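Participant: Return atomic coordinates for the entry below.
(2 chains)
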There are 2 protein chains.
Amino acid sequence: MSERILAGTIQEKDVEKVILLKGWVQKRRDLGGLIFIDLRDKSGIVQVVFNPDYEDALTIAESVRSEYVIEVKGKVVLRDESTINPHMETGTLEVIATEVSILNKSKNPPFLIQDDTDVSEDLRLKYRYMDLRRGALQETFKKRHQITQVVRNFLNDDGFLEMETPILTKSTPEGARDYLVPSRVHPGEFYALPQSPQLFKQLIMMSGFEKYYQIARCFRDEDLRADRQPEFTQIDIETSFMTSDEIMTMTEKMMQKVMKEVNQVDIPLPLPRMPYKEAMERYGSDKPDTRFGLELIHVSDLLANSSFKVFQGAIERGGKVALLNVKGEATNFSRKDIDKLTEFVNVYGAKGLAWLKVEDGELKGPIAKFISEEEKQGLLELANAEDGDLLLFVADKTSVVYDSLGALRLKLGKELGLIDESKYNFLWITDWPLLEYDEELGRYFAAHHPFTMPFEEDVEKLATDPASVRANAYDLVLNGYELGGGSIRIYKREQQNEMFKVLGFTEEEAQEQFGFLLEALEYGAPPHGGIALGLDRIVMLLTGRSNLRDTILFPKTASASDLLTEAPSEVSKAQLTELSIQLNENK
Amino acid sequence: MSERILAGTIQEKDVEKVILLKGWVQKRRDLGGLIFIDLRDKSGIVQVVFNPDYEDALTIAESVRSEYVIEVKGKVVLRDESTINPHMETGTLEVIATEVSILNKSKNPPFLIQDDTDVSEDLRLKYRYMDLRRGALQETFKKRHQITQVVRNFLNDDGFLEMETPILTKSTPEGARDYLVPSRVHPGEFYALPQSPQLFKQLIMMSGFEKYYQIARCFRDEDLRADRQPEFTQIDIETSFMTSDEIMTMTEKMMQKVMKEVNQVDIPLPLPRMPYKEAMERYGSDKPDTRFGLELIHVSDLLANSSFKVFQGAIERGGKVALLNVKGEATNFSRKDIDKLTEFVNVYGAKGLAWLKVEDGELKGPIAKFISEEEKQGLLELANAEDGDLLLFVADKTSVVYDSLGALRLKLGKELGLIDESKYNFLWITDWPLLEYDEELGRYFAAHHPFTMPFEEDVEKLATDPASVRANAYDLVLNGYELGGGSIRIYKREQQNEMFKVLGFTEEEAQEQFGFLLEALEYGAPPHGGIALGLDRIVMLLTGRSNLRDTILFPKTASASDLLTEAPSEVSKAQLTELSIQLNENK
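Facilitator: Sure thing, here's the model as predicted:
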């Protein structure tokens, strides 16, 4: 028989050729003694026609159903003008079948294999192998492949080595919750699955390799949100002797190449950079979506002595007052609409959402009476407010003001159509705080991780004013999503010791958990730093999908289950005994 | 300062250039008021000279020790004729240092960073980051990177998609022992780490992707031998609609490209193929090293009525007699030497090793008297034996004859220098048995795995004579090592059902463990098959190393420990409680 040809690749130059197709029955239609089958393979779809000239083939075609796997021999012909399908790549052609055989049958599919689907996600996950046959998901995984290869080629060309770090590693309680693996050979001991290859990639630098990368699987046993998975993949990079500036430049060139080759989009370089503090002040977010304005307007100074007690009180207690000016929307938001916005900001800890509308140069609304003439003029000026504008205020602790107005900004941006969806706004966030104070536990935590280098000029404040120390760290943001981040790492033992001390580790604790790293720092560790980018997130944004699960071949649900294979599952008592563990009675 | 240049890349064209170097102090020598430092970075080594013209630099250089990390500014010059080092890439050049700074210090290294080392492996693993600085290991991981990229490029160009399958999967007791991961969200349930992506790659075919590959991490909780690791990496490939012949052809083209691009070796195609049965008969091995002869010679027919009871009895009990003819070595093997060989074959279950030497056309040795004139003539002829040859016999069960003579053949091949180490002998082993009978458990096991397709012409024997059924499977062998193997898979539910039945599964057991696969086979599963090759093994053979641990960046010991990070380790009771497990009291 002739060599197989892919359905989606048939072109007009193939007319009159006898070809062999193998694939799935997308659809069968019977019409006037003829049978039409849309035959689908990984490349696309072509229409196959069975007619009475080839009776054996026609008879077999009659028994064929959706998702049957068939092999067809036939001749490529041009369609009649009237039957051309402009929505199909191969829509001007069809194949007249001369022979057909059924390679495998299919039961009636649990759902139709088509892009527009309202089938429940649980059903689609249980029959993932059917769901993945849909064109949109086929495309997603082709793009995922492409992104990965572009990244690899870029890094290979730049002298990086791809290297594999272990999956069975040591548990280090600092950070998220570890997945644990009981050891059979060492009863009572456990491996942990890596939350990232952080320590190993630093050890690779101490091994003298200088330029490492890995498309690395990482694991976090956290309660899952829509955009989290228990296992995820990151583009993991580490370099020796490079500055943060050089690492950012290299990374943005890599992302520029990905955008160009995968999505045919030109990204001008250098990417903008914004200090963390500015991002919080302007957007109320450390990963701002800069595709639209609606920035936070700070009015604490203006309203410090406001007769509106909510404003004045918040400022007095060390918090602040800020607002969003929702341009021209005053008449579109009823009191009820604003009540809903108030509920929305409540979730972020804001106790209320004050509002004012601008009408005929005047401020209207329940709190208008508390605003003095001078304050009014100041507000109109600071907020660049005009007739028809809606001003939405939050007065609270600084972090609450940022969180709530940052979230409200995003919500309004989407709902009011302020976002240009064709834009790809990349942005570096720099000058991060090194530490975060946990009020409940009464100690500092590393904002990134305990191996991040502080800015040299801030080091002396580590002992006196830890909260003000900035990290030599950088996050890459795209359209309001954090793609990933990195930092320059501590490479001297004394500095790492000091860092652990600031984090409240005793010497013994530091030694027990990170002794191998501390020791390695004493044997000629080079200056080093790197970055890690979330591959799943990148795929999601570049394929225009809204759900990380669509970017992972066999994803897990929000309760970390695989509905297809039914993992996790019970195991035999014998297996547990071998591992020297048992289930808790009162589980 | 000037831009950094890599030490090993400096060439004569760089003479007179002012350059910047960063790297490690390989060696420092003080000589006549000068200091010579061999500076090492990832690219190689260059000699740096400190002289009194640059006193500050000279003073700093005095404090420098081995493995310090330094930054040097200097000028490239030609060495004096008399000081040229022909063993060094940059041996005609040196760098006159004008400035130097110490980036990081190093304690006295636990061992010298040099290729010839007799340091204990445990110490090298504990200080793996020092061990990896050695040139030989740097080269190994560069080659590992290169092999991986050549494989990827080959498969990408052939239309394959690289795809990621889950690490947190379902435990399936068939096969090796699983590593288990307790689920926090589902108390009493466990994930398993995959022994291979076998089922997922089949599901990918059922998802319509047709051509999948992955450089996949796999896990087996087995007692480790020298050439096993708890986690290892395989080049994992699966295709739809391809025959075993096509898969083998594609794979050998891939390996040809790897050999050419990585080791500059031409491998002629097609690779030879040999049925399993022939490999066992000729080499006593299913992964024969065909770089040398010393094949097994079968003499059961000749000796069926031997007056030597050991021969006659073995044959009578259904076993066989075979021998190796060790050409020209009769006088080199004393009785004591042969006793040692006897001990060697004992390990493989052989009860003894009979021997004969050929002298002046006669057979000499303790059993010579049992050999009739006719048998003698027959032996000399079959074994092509001449004066000076040593004949080594094993008479036993067939499997013992093969195992022991196969192992003895390898041992003698190595010790007698029969192997041409410059050769790369690839070989396909085909026509495998589908099933193996386990006498202890009284049931058949899948020789490869339960998803392997039997040869169509053998299928009817599944019920009547399972042991004789051949699998549509193929292993790729290189120089006596199994690089990997694959098969065409069962793709119809009824056949998979039957297979599970032959393997002694009840319908419930099959359903519970593999229900998702059985169901998937009912929804248009395409004909498919694939292969998996051990990447670590390939790297080992292509870098000429003898130990898998040298091919893995952070390997584990024979007791599955990571001596560097000290994994596995104890974890807190709180961590276990969260996972609803506890340690066994009587551990």
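
Participant: Let's verify A:Asn472: helix, strand, or coil?
Facilitator: Using DSSP: H, G, I helix; E, B strand; the rest coil, the secondary structure recorded for A:Asn472 is strand.

Participant: and it, how many neighbours?
Facilitator: When neighbours are defined as other C-beta atoms under 10 Å in any protein chain shown, A:Asn472 has 23 of them. From N, CA and C alone the C-beta is placed, and that goes for glycine too.

Participant: show me the contacts for it.
Facilitator: When contacts are counted by C-beta atoms under 8 Å, 6 or more residues apart in numbering or on different chains, A:Asn472 touches A:244, A:452-455, A:487-488, A:529.

Participant: Next one: it from A:Gly529, what distance?
Facilitator: 7 Å (C-beta to C-beta, to the nearest Å).

Participant: which residues are in contact with both of these two?
Facilitator: Between them, A:Asn472 and A:Gly529 have A:244, A:453, A:487-488 as joint contacts when contacts are counted by C-beta under 8 Å, 6+ apart.

Participant: Show me those residues that map onto strands.
Facilitator: Using DSSP state E, the members of those that fall in strands are A:487-488.

Participant: quick one: which of the shared contacts of A:Asn472 and A:Gly529 is nearest to B:Glu81?
Facilitator: B:Glu81 lies nearest to A:Ile488 out of these, by C-beta to C-beta, at 44.6 Å.

Participant: Not counting sequence-adjacent ones, nearest residue to the closest one?
Facilitator: Nearest residue to A:Ile488, sequence neighbours excluded (C-beta to C-beta, 6 or more residues apart in numbering or on different chains): A:Gly529, at 3.7 Å.

Participant: Output the contacts of A:Asn472 as TSV; include the columns pLDDT and neighbour count.
Facilitator: Compiled in TSV, these are given as follows (pLDDT from 0 to 100; neighbours: other C-beta atoms under 10 Å in any protein chain shown):
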residue	pLDDT	neighbour count
A:Ser244	97	20
A:Thr452	97	22
A:Met453	97	23
A:Pro454	96	26
A:Phe455	96	17
A:Ser487	98	24
A:Ile488	98	23
A:Gly529	98	27
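
Participant: Count residues in the vicinity of A:Arg335, would you?
Facilitator: 9.

Participant: Give me the distance between it and A:Leu390.
Facilitator: For A:Arg335 relative to A:Leu390 (C-beta to C-beta), the value is 12 Å.

Participant: wait, doesn't A:Thr90 sit right on A:Ile45?
Facilitator: Yes: between A:Thr90 and A:Ile45 there is a contact under C-beta atoms under 8 Å: 6.9 Å.

Participant: which parts of stretch A:153-161 are buried?
Facilitator: Neighbour-count burial for stretch A:153-161, counted by 16 or more other C-beta atoms under 10 Å in any protein chain shown, picks out A:153-156, A:160-161.

Participant: hmm, back to that, nearest to A:Met540, out of the contacts of A:Asn472: which one, please.
Facilitator: A:Ser487 (24.2 Å).

Participant: Which of the contacts of A:Asn472 fall in helices?
Facilitator: When DSSP state H is applied, the contacts of A:Asn472 are split such that A:Ser244 fall in helices.

Participant: can you put the contacts of A:Asn472 in TSV and add distance to A:Asp178?
Facilitator: What follows is the contacts of A:Asn472, written out as TSV (distance: C-beta to C-beta, whole Å):
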residue	distance to A:Asp178
A:Ser244	29
A:Thr452	20
A:Met453	25
A:Pro454	27
A:Phe455	31
A:Ser487	22
A:Ile488	26
A:Gly529	25
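
Participant: got the phi/psi numbers for A:Arg29?
Facilitator: Note on A:Arg29: backbone dihedrals following degrees, to the nearest 10 are phi -130, psi 140.

Participant: so which helix or strand takes in the closest residue to it other than its chain neighbours?
Facilitator: Computed as C-beta to C-beta, 6+ apart, the closest residue to A:Arg29 that is not its neighbour in sequence is A:Phe36, at 4.6 Å. A:Phe36 belongs to strand A:34-41 when assigned by DSSP states H and E.

Participant: and that strand, which strands flank it?
Facilitator: If you go by DSSP bridges, strand A:34-41 pairs up with strand A:18-31 (antiparallel), strand A:44-50 (antiparallel).

Participant: Pull out the buried positions in it.
Facilitator: A:35-41.

Participant: Also stretch A:64-74?
Facilitator: Buried positions in stretch A:64-74, judged by neighbour count with 16+ other C-beta under 10 Å: A:64, A:66-74.

Participant: hang on, the earlier thing: out of the shared contacts of A:Asn472 and A:Gly529, give me the two with the largest separation.
Facilitator: Spanning the widest gap among the shared contacts of A:Asn472 and A:Gly529 are A:Ser244 and A:Met453, at 8.8 Å by C-beta to C-beta.

Participant: which neighbours do those two share?
Facilitator: Residues within reach of A:Ser244 and of A:Met453 at once, by C-beta under 8 Å, 6+ apart, are A:472, A:487-488, A:529.

Participant: among the residues you listed, which two are most distant?
Facilitator: Spatial extent of the shared contacts of A:Ser244 and A:Met453 (C-beta to C-beta) is set by the pair A:Asn472 and A:Gly529 at 7.5 Å.

Participant: ok, A:Glu439 - how many residues close by?
Facilitator: For A:Glu439, using other C-beta under 10 Å, the count is 6.

Participant: Equivalent analysis for A:Glu246, please.
Facilitator: For A:Glu246, the neighbour count with other C-beta under 10 Å is 12.
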